[in-house]
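Asks: Below are the sequence and a predicted model; questions follow.
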Amino acid sequence: MDAVLASSALAEALVAEARGALVALSSSGEVLSWNRGAHRLFGLDGAAAIGRAFAGLIASQAQPDAISRRFVEALERGSTTFVLPVDRPGGAAIPIEIAMTAVRGAAGAVTLVAVDARDVGELEQLREGREADAHFRDIVEAAPDAKVIVDAAGLIVLVNAQTERVFGYDREDLLGKSMEMLVPERFRAIHPVHRAAYVNDPRPRLMGEGLELHGRRKDGTEFPAEISLSPVRLARGILVTAAIRDITARKHIELALIAANRELEAFSSSVAHDLRAPLRGMNGFAQILLDDYADRLDAEGVDCLREIHFNAGRMGALIDSLLSLSRVTRTELKPVQVSLTALAQASFAALRAGDPGRVVDLVVAPDLEAELDPALARTLIDNLLQNAWKFTGKVTAARIEVGVADDAGSRTFFVRDNGAGFDMAHADKLFAAFQRLHTVGEFPGTGIGLATANRIIHRHGGRIWAEGRVDGGATFHFTVPRKALGGET
């Protein structure tokens, strides 16, 4: 126990005294620890920083919205690296490279987010001197991921201990060698082309976003990897830092979850199909009794039959919705460029035909396009517009708008209405199956439509969320990657 405590104390001391800015954040973004390097870089001591939102600490210096988005990206993807201009205390703005890595506990939940922030300009200068070089090597050596730094020709100039552990090589076997030795043989011929393309357009980013990446160990075995790239410009040329994470354990968990979900969906589908036949019989016989024998029953008997008939129909709708949700998960994705404008107009035409007495003002922006599976895209738009149509049913001048907003190069589509709205305190329930914020008497439905929309967007690698207020309407936002399949290499 004493050895464990001593080791923990040593680790805390190393972090505290590290020259680099090392910060630990809670899963909601508040600062848990703040070392001297962070004090030096951002001009705030630990007492002033701990307990406050990280984005808010540098909100006046950088871009808080961008930092918040990157924090969410780290939670969702595991890590992210980006560069932002930050005002130094009493000085001009300088570029700061910020790497965020989500740390998960045994149960899989995020316990903290580790932040490694560095002055890009200072980092470049450090590499020019022996003392600075030692500090830089310490930072690289202490990194939790394998760090491989190569020059413009692809030759390895620096690795850390984690690289030795992940790939099984001694660092002496790697230094001065081509980084292609860490790439699976089937990709070695094309990899220099991708590497050259990166050197011509160097910027911090994930490598091969949307693709399955692998590293090759010394013994020839391969492992799934997540790789982020960052350029370092020196007077003598450019270096590229690759942070490589072995995600084998994560992949095993994902595969287990996929298998479990498939079993659950198959079970749900089987149960739903098995229920439909007796339900149809029950509903049919109830209808026969109402049609042919209602005159032999008293008023209470007729009411009971009508209740049976109504609830059988409602259960049938629930089963159909359950089957629809199951199909969304099982359908093989075949993304192509689809017109959301055309889909919205067609969906609205169908809604109007089904309820010709309603007057609803629909505004659809032109040229709304996204890369989605066509069938699932139609289901997505149908569900979102049906939701808006339903919840504007009690509004005199109903209005539904379908559009897009460009936010820092990212397109966010939306469906907005001026209907019943909802309490944001219950927003987390909106996309859960069979969860309803209104009674069936107020607004009929099964509670499956938004859950289906949520599943479609997540299957395409996007995000969906909602904003609203009671009696003030609701807006459903969603994003879809520009390339639903594939990505940069």
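Replies: Okay, I see it.

Asks: Residue 338 touches residue 369, doesn't it?
Replies: Yes. Under the criterion of CB atoms under 8 Å, residue 338 makes contact with residue 369 at 6.8 Å. C-beta: built from backbone N, CA, C; applies to glycine.

Asks: So between those two, which is more surrounded?
Replies: Between residue 338 and residue 369, counted using other CB atoms under 10 Å, the more crowded position is residue 338 (22 against 15).

Asks: now could you export just the CA positions of the helix or strand encompassing that one as CSV?
Replies: Using DSSP states H and E, residue 338 maps to strand 336-339. This file holds the C-alpha atoms of strand 336-339, laid out as CSV (Å, rounded to 0.1, in the frame of the first residue of the first chain):
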residue,chain,number,x,y,z
VAL,A,336,-25.6,8.7,-51.7
GLN,A,337,-26.2,12.4,-52.1
VAL,A,338,-29.9,13.0,-51.4
SER,A,339,-32.0,16.1,-51.6
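
Asks: Next, the buried residues of it.
Replies: By 16 or more other CB atoms under 10 Å, the buried positions in strand 336-339 come out as 338, 339.

Asks: Please name every helix or strand in contact with the helix or strand following that strand.
Replies: For strand 336-339, the following helix or strand on the C-terminal side (DSSP H and E) is helix 340-354. Secondary-structure packing of helix 340-354 (3 or more CB pairs under 8 Å, 6 or more residues apart in numbering; DSSP states H and E): strand 360-364, strand 369-372, helix 374-391, strand 398-407.

Asks: where's the third one relative to the chain centroid, distance-wise?
Replies: Its chain's C-alpha centre lies 22 Å from the corresponding centre of helix 374-391 when counted by CA atoms, centre = their mean, to the nearest Å.

Asks: Between strand 398-407 and that helix, find me the angle.
Replies: 130 degrees (axes from the mean of the first three to the mean of the last three CA atoms, to 10 degrees).

Asks: Per-residue pLDDT of the residue of the chain most remote from its centre, please?
Replies: Using CA atoms, centre = their mean, the residue of the chain lying farthest from its centre is residue 296. It sits 60.5 Å away. As predicted, residue 296 sits at a pLDDT of 84.

Asks: how's the chain carved up into domains?
Replies: 1-117+132-141, 143-246, 248-330, 334-489 (automatic domain parsing).

Asks: can you give me the offset of the second one from its chain's centre?
Replies: Okay, so that is domain 143-246. Its chain's average C-alpha position is 25 Å from that of domain 143-246, according to CA atoms, centre = their mean.

Asks: gap between the two ends of that domain?
Replies: Start-to-end span of domain 143-246 (CA to CA, to the nearest Å) is 14 Å.

Asks: What average pLDDT does the top helix by length along the chain get?
Replies: The helix that spans the most residues within the chain, counting by DSSP state H, is helix 248-292. Confidence for helix 248-292, expressed as mean pLDDT, is 78.

Asks: Show me what that helix is packed up against.
Replies: Partner elements for helix 248-292 (3+ CB pairs under 8 Å, 6+ apart): strand 222-234, helix 299-330.

Asks: tell me the most buried of those?
Replies: Mean neighbour count (mean count of other CB atoms under 10 Å) peaks for strand 222-234 among these, with a mean of 18.

Asks: quick one: strands adjacent to that one?
Replies: strand 205-206 (antiparallel), strand 213-216 (antiparallel), strand 237-246 (antiparallel) (DSSP bridges).

Asks: quick one: it to helix 248-292, angle?
Replies: 120 degrees.

Asks: Send me strand 222-234 as PDB with only the CA atoms.
Replies: Listed next in PDB are the C-alpha coordinates belonging to strand 222-234 (Å, rounded to 0.1, in the frame of the first residue of the first chain):
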ATOM      1  CA  GLU A 222      -1.900  -6.000 -36.400                       C
ATOM      2  CA  PHE A 223      -4.100  -4.000 -34.100                       C
ATOM      3  CA  PRO A 224      -6.900  -1.400 -34.700                       C
ATOM      4  CA  ALA A 225      -5.600   2.100 -34.100                       C
ATOM      5  CA  GLU A 226      -6.800   5.700 -33.700                       C
ATOM      6  CA  ILE A 227      -4.200   8.100 -35.000                       C
ATOM      7  CA  SER A 228      -4.100  11.900 -34.800                       C
ATOM      8  CA  LEU A 229      -1.600  14.000 -36.700                       C
ATOM      9  CA  SER A 230       0.000  17.400 -35.800                       C
ATOM     10  CA  PRO A 231       2.600  19.300 -37.800                       C
ATOM     11  CA  VAL A 232       5.600  21.000 -36.200                       C
ATOM     12  CA  ARG A 233       7.300  23.600 -38.400                       C
ATOM     13  CA  LEU A 234      11.000  24.100 -37.900                       C
END
